[in-house]
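Trainee: Got a predicted structure plus its sequence, pasted below:
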Amino acid sequence: MPLSALDRLSKMNIQYPMIMMEFSSEEGEIILSNWMMENLKLEKGENVVIKNVSLPNGTFAKLQPHKKDLIELSNPKVVLEKRLSGFSCLTVGDTILIMYGGNLFWIDVLETKQL
């Protein structure tokens with residue numbers, strides 16, 4: 001996002017975590033990672049509207065790995081808790097990617113519950 005966005009956001013009552021990594025793009029532009037563009041089904045150069053929203057905290061997520069390799073780890077619960085803490089939200093229907101031990105694990109989000 002551009003530096004002007006940081007100025008505006010700093011004056012707002014933002015609840016963290018935020019997804020933004022840096023504020024170095026040109027004015028009127030935002031740079032998204034490839035995985036985020038794929039999840040949002042965006043093409044390069046496509047216009048987007050960015051909004052600040054407050055989401056309720058989650059209490060439960062039902063996940064389904066694409067392969068059984070994930071559940072065969074020595075402690076998959078700890079791996080998931082650690083890796084999922086990097087996500088600011090999970091949405092039913094999304095497929096997420098986590099990395100652990102040099103392996104990639106694709107996981108479907110089947111169900112979520114909130115406070």
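Mentor: Ah, there it is.
Trainee: Hmm, Gln114 and Thr59 touching each other?
Mentor: Yes - using Cβ atoms under 8 Å as the test, Thr59 is close enough to Gln114 to be in contact (6.3 Å). (Glycine included, C-beta is placed from N, CA and C.)
Trainee: partners of the longest strand along the chain, with directions?
Mentor: Secondary structure of the chain per DSSP state E: the longest strand is strand 103-114. Sheet pairing of strand 103-114 (DSSP bridges) gives strand 58-65 (antiparallel), strand 95-100 (antiparallel).
Trainee: Format those as JSON lines; extra columns: distance to Cys89.
Mentor: Formatted as JSON lines, these follow (distance: least, Cβ to Cβ, whole Å):
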{"stretch": "strand 58-65", "distance to Cys89": "8"}
{"stretch": "strand 95-100", "distance to Cys89": "11"}
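Trainee: Out of those, which is closest to Ser33?
Mentor: Smallest distance to Ser33 across the strands paired with strand 103-114 (Cβ to Cβ): 11.2 Å, for strand 95-100.
Trainee: Against Lys62, how distant is the residue lying closest to Pro65 once chain neighbours are set aside?
Mentor: Nearest in space to Pro65, with sequence neighbours left out and distances taken as Cβ to Cβ, 6 or more residues apart in numbering, is Ile107 at 5.0 Å. Ile107 sits 11 Å away from Lys62, going by Cβ to Cβ, to the nearest Å.
Trainee: Looking at the two, which is more packed in?
Mentor: Ile107 (21 against 11; other Cβ atoms under 10 Å).
Trainee: I'd assumed Lys67 was in contact with that one.
Mentor: No - if you go by Cβ under 8 Å, Ile107 and Lys67 don't touch, sitting 9.8 Å apart.
Trainee: rewinding a little: in the longest strand of the chain, which residues are buried?
Mentor: Using 16 or more other Cβ atoms under 10 Å as the test for burial, strand 103-114 gives 105, 107, 109, 112.
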